[in-house]
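predicted model follows, preceded by the sequence.
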Amino acid sequence: MESDLQTETERPRRRVDRRMAPLIAAFGYAFHGLWYLLSTQRNAQIHCLVAACAVALGAVLRIARWEWVALTLTIALVLAAEGVNTALEAAVDLATPARHPLAKIAKDVAAGTVLLCAIASVVVGCLIFLPHLIDLLDVLW
């Protein structure tokens, strides 16, 4: 028993890398930001609902791997644009609570960017899903 204790104490202890703590904290902040985005922003919730429908349709239609890649990147792009829009709106509101023409431009351009990404995602969705749906209709007729 004494030799077991001695062996335990003689083993060199692993040192905890303290540099990992800020990295882990950064992931926590990022997840908190995602939670804020998805729990407070109506448009992000709509994008997630549409994304879930697209993923379900992709599963039903058994889309190809490259189509999953395009779908995944498109969904991520739209949600990322929505996140940048939300962050920019918060920063502008913090910088100037009063109405200002430059604040309006910043917010409008950010919202327009999300709209552009959403329109592009519809195009990508059509390019992915329409051929599969047309083939399915041909089989059914």
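Received, thanks. Residues are numbered from 1 along each chain as shown.

where does the chain dip in pLDDT?
1-17 (pLDDT under 70).

in it, which spans are helices?
Listed in chain order, the helices of the chain (DSSP state H) span residues 2-10, 20-40, 42-61, 65-95, 101-140.

in CSV: those helices, plus mean neighbour count.
Using the backbone N, CA and C atoms, a C-beta is placed for each residue, glycine as well. As requested, these are exported to CSV (neighbours: other C-beta atoms under 10 Å):
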stretch, mean neighbour count
helix 2-10, 8
helix 20-40, 11
helix 42-61, 15
helix 65-95, 16
helix 101-140, 13
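
contacts only, for residue 79.
Going by C-beta atoms under 8 Å, 6 or more residues apart in numbering, residue 79 touches 37, 44, 47-48, 51.

surely residue 118 is in contact with residue 77?
No. At 9.5 Å, residue 118 does not count as touching residue 77 under the criterion of C-beta atoms under 8 Å.

look up phi and psi at residue 62.
Taking degrees, to the nearest 10, you get phi 50, psi 60 for the backbone angles of residue 62.

just give the number of residues close to it.
Residue 62 sits with 8 neighbouring residues when counted by other C-beta atoms under 10 Å.

farthest-separated two in the contacts of residue 79?
Using C-beta to C-beta, the two most remote members of the contacts of residue 79 are 37 and 51, lying 13.3 Å apart.

give me the distance between residue 126 and residue 70.
Plainly put, residue 126 is 12 Å away from residue 70 if you go by C-beta to C-beta, to the nearest Å.

can you check which residues contact both of these two?
Counting by C-beta under 8 Å, 6+ apart, no residue touches both residue 126 and residue 70.

quick one: contacts for residue 29?
By C-beta under 8 Å, 6+ apart, residue 29 lies in contact with nothing.

when you give positions from now on, start the count at 30
Okay, residue one is now 30; in that scheme the one you just asked about reads as residue 58.
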